[in-house]
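Visitor: kindly generate the corresponding structure for this input.
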Amino acid sequence: MESKNMANGTALILVAFTLLAAIAGAFSLEQIIPHLNRWQIVSYAIVAGVFIAASDVILMQILKFFSAE
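Guide: The predicted structure is shown next:
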């Protein structure tokens, strides 16, 4: 049971870090995008999509870990 409590704390830290990183990224992109070319905006969107997909996979694995007892 102790490993689940440790994993629960780690999951909360990861979720908090992900949310803070997303908010910081949104504010920085809001300032950067008006000064970029079109191809750069598309590349930022692709990279953001990859990171969103990776975070979805990580969060799904965390949820699967906690749902399996």
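Visitor: the helix or strand hosting Lys64 - what's its average pLDDT?
Guide: Lys64 is part of helix 38-67, with elements assigned from DSSP states H and E. Across helix 38-67, the average pLDDT comes to 80.
Visitor: before we move on, what about stretch 8-28?
Guide: 78.
Visitor: ok, and what's touching that stretch?
Guide: Stretch 8-28 is contacted from outside by 48, 55, 58-59, 62, 66, using CB atoms under 8 Å, 6 or more residues apart in numbering. (Each C-beta comes from the backbone N, C-alpha and C, glycine too.)
Visitor: in it, which residues are buried?
Guide: Ala11 (16 or more other CB atoms under 10 Å).
Visitor: quick one: distance of it to the chain centre.
Guide: Centroid separation for stretch 8-28 versus its chain: 7 Å, with CA atoms, centre = their mean, to the nearest Å.
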